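K.L.:
predicted model and sequence follow; I will ask about them next.
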Amino acid sequence: MTASAFDIAILGAGPVGRVLALMLARVAPDPSRIALLAGSVPAAPAATIPATIAATIPAADPRVLAMNHGSRVLLESLLAWPDRSADIRNIHVSQRGRLGRTVIQNTDFNVPQLGSVVAYAGLHAKLDERVAACGVTVLSGPAAKVERQDADGVRIVQGDNTLLCQVAVQSDGAGATDLRRDYGQHAVLTTAHATLPRRGWAWERFTAEGPLALLPHPQTPDAYSVVWCSAPERANELAAMDNAAFSVALTQAFGDRLGRLSSQSPRHVFPLALAARRAQVQGRVVAIGNAAQTLHPVAGQGLNLGLRDAARLAQTLAGWLAQPASSPSSRLAEFAQARHVDRFITAGLTDLMPRVFATGLAPVEHACGLALLGMDLASPLRAPLAQHLLQGFRA
């Protein structure tokens, strides 16, 4: 068994882990003392990604990702923005069969776009390219795990290799089990084409079954990435339909704002649950991204929250990297404190929205409609939600 010593080891080489590696490489006196354990854990928890997708190699992964404005600025600063993306300049939020809707626009904040949609494969390829050139040590192998930690550091085992580091960062994979809520919903993922596409628009439609989101697709101007949440039985029924029947059902659920919707693409179904750690820091081990929290896909906040985790951790550890023999405890405590409010607000928002809009109680749903209408008529009312969708809460 061999042993290697590093200042920081990052367990998980998904987007959040790679972004953290890139940011740390910029401030570390010796980037090679940052270890990125590629392939050590799945890119996302098995509970939230269907096996048919999780098993694919990144280049063939069909998922798309909604990146808010703050995440795009971060990735561009790292020269890691994918070559192809679809801008979101307007977000339309409504509920089916009830009064009220609101529209959030990029002009509200004087920014080029509220966010963008990118292909997972494209983002992974760009991050892989940048990581290869940044000088960090990339270690591929079987699943890595934290074996133990003490006042002197953390011991990590990856196959036959042992790593000793001062700080270990778990950035991907399951592990957030302190708080958990099963939403009793599954999400259907697919792609649909519209006869009347509206470039730059994203749609969040709350139905009695659950949220239905249509995001502009980065590959085709008239295509939309569909995330349709419903009861498990209904989701399986939708997945089993032929293309014609599914297209009719999708158009009926969404409405006619985009004309007729037609889907010829494969459909994937996965269960929805909230899973979160109460504490992101335990001794010298830090959890960020999916290792710290997985969220309901409403509003597309999961990856954006994880990237804010990575950015803040890199910022907090920058000064410590100049003297890695010193204790990182105070820096890690500072990080945990700084991330508390953003995690609380984002998890609360994505937990509340799908539940409150799907109560089936007319008074509650009418109240939600009035709230949407009020936000649409008065910009100060929609500003907090819009600001959070734009870049999250940044301490």
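P.N.:
Happy to help now that I have it. Numbering: from 1, shown residues only.
K.L.:
so Ser103 is in which element?
P.N.:
Slight slip there: residue 103 is Val, not Ser. Using DSSP states H and E, Val103 falls within strand 101-105.
K.L.:
direction included, what does that strand pair against?
P.N.:
strand 90-95 (antiparallel) (DSSP bridges).
K.L.:
now the strand it pairs with, how far from the chain's geometric center?
P.N.:
20 Å (Cα atoms, centre = their mean, to the nearest Å).
K.L.:
and stretch 182-189, by the same measure?
P.N.:
Distance, stretch centre to chain centre, for stretch 182-189: 16 Å (Cα atoms, centre = their mean).
K.L.:
what's the average pLDDT for it?
P.N.:
Mean per-residue pLDDT for stretch 182-189: 90.
K.L.:
for the remainder of this discussion, apply numbering that starts at 51.
P.N.:
In the new numbering, first residue 51, that becomes stretch 232-239.
K.L.:
contacting residues around that stretch?
P.N.:
With Cβ atoms under 8 Å, 6 or more residues apart in numbering as the test, stretch 232-239 has contacts from 100, 103, 113, 260, 275-282, 285-286, 288-289, 317-324, 346-347, 404-405. From N, CA and C alone the C-beta is placed, and that goes for glycine too.
K.L.:
what comes up buried for that stretch?
P.N.:
Using 16 or more other Cβ atoms under 10 Å as the burial criterion, the residues of stretch 232-239 that qualify are 233, 235-239.
K.L.:
now the biggest strand by length in the chain - C-alpha only, CSV.
P.N.:
Looking across the chain with DSSP state E, the single longest strand is strand 229-244. C-alpha atoms of strand 229-244 as CSV (Å, rounded to 0.1, in the frame of the first residue of the first chain):
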residue,chain,number,x,y,z
LEU,A,229,-32.7,15.8,7.1
ARG,A,230,-34.8,13.9,4.6
ARG,A,231,-38.2,14.3,2.9
ASP,A,232,-39.7,12.0,0.4
TYR,A,233,-42.0,14.1,-1.8
GLY,A,234,-44.0,11.2,-3.1
GLN,A,235,-43.3,12.4,-6.6
HIS,A,236,-41.2,11.2,-9.5
ALA,A,237,-39.8,13.4,-12.3
VAL,A,238,-40.0,12.6,-16.0
LEU,A,239,-37.1,14.0,-18.0
THR,A,240,-37.3,14.4,-21.8
THR,A,241,-36.9,16.8,-24.6
ALA,A,242,-39.8,18.4,-26.6
HIS,A,243,-40.1,20.6,-29.7
ALA,A,244,-42.6,23.5,-29.9
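K.L.:
C-terminal to it, what's the next element?
P.N.:
By DSSP H and E, the next helix or strand past strand 229-244 is strand 251-256.
K.L.:
all strands for the stretch 51-200 of the chain, in order.
P.N.:
For the stretch 51-200 of the chain, applying DSSP state E, counting those that start in this stretch gives strands covering 52-61, 84-88, 114-118, 136-138, 140-145, 151-155, 165-169, 187-190, 194-200.
K.L.:
actually the stretch 251-400 of the chain, not the one I wrote
P.N.:
Counting by DSSP E, counting those that start in this stretch, the strands of the stretch 251-400 of the chain are 251-256, 261-266, 273-280, 311-312, 318-326, 331-332, 335-337, 343-344.
K.L.:
buried residues in stretch 318-338?
P.N.:
318-327, 330-331, 334-338.
K.L.:
tell me how far the longest strand of the chain lies from the chain's centre.
P.N.:
With Cα atoms, centre = their mean, you get 14 Å for strand 229-244.
K.L.:
paired strands for that strand, with orientation please.
P.N.:
When DSSP bridges is applied, strand 229-244 pairs with strand 273-280 (antiparallel), strand 311-312 (antiparallel), strand 318-326 (antiparallel).
K.L.:
tilt between it and strand 261-266?
P.N.:
Put simply, strand 229-244 runs at 50 degrees to strand 261-266, going by axes from the mean of the first three to the mean of the last three Cα atoms, to 10 degrees.
K.L.:
and strand 229-244 with strand 114-118, angle?
P.N.:
110 degrees.
K.L.:
how many residues are close by Asn293?
P.N.:
For Asn293, the count of nearby residues is 13 (other Cβ atoms under 10 Å).
K.L.:
where does the residue lying closest to it once chain neighbours are set aside land on pLDDT?
P.N.:
Using Cβ to Cβ, 6 or more residues apart in numbering and skipping the chain neighbours, the partner closest in space to Asn293 is Gln314 (5.3 Å). Looking at Gln314, its pLDDT stands at 92.
K.L.:
how much space between Val123 and Arg139?
P.N.:
16 Å (Cβ to Cβ, to the nearest Å).
K.L.:
more neighbours, those two?
P.N.:
A direct count of neighbours by other Cβ under 10 Å for Val123 and Arg139 places Arg139 higher, at 19 against 13.
K.L.:
run through the residues that contact that one.
P.N.:
Here Arg139 is in contact with 155-156, 162-164, 250-251 (Cβ under 8 Å, 6+ apart).
K.L.:
spatially nearest residue to it, not counting backbone neighbours?
P.N.:
In space, Arg139 is closest to Gly250, 3.9 Å off (Cβ to Cβ, 6+ apart).
K.L.:
surely that neighbour is in contact with Ser135?
P.N.:
No: Gly250 is beyond contact range of Ser135, at 11.8 Å (criterion: Cβ atoms under 8 Å).
K.L.:
these two: which has the busier surroundings?
P.N.:
Ser135 (22 against 15).
K.L.:
got a list of what Thr227 touches?
P.N.:
Counting by Cβ under 8 Å, 6+ apart, Thr227 has contacts 325, 327.
K.L.:
separation between the most centrally placed residue in the chain and Pro374?
P.N.:
Using Cα atoms, centre = their mean, the residue of the chain that lies closest to the mean C-alpha position is Leu353, 1.9 Å off. Between Leu353 and Pro374 the computed distance is 29 Å (Cβ to Cβ).
K.L.:
off-centre distance for the longest helix along the chain?
P.N.:
When the chain is scanned for its longest helix (criterion: DSSP state H), the result is helix 379-406. Centre-to-centre, helix 379-406 and its host chain are 14 Å apart (Cα atoms, centre = their mean).
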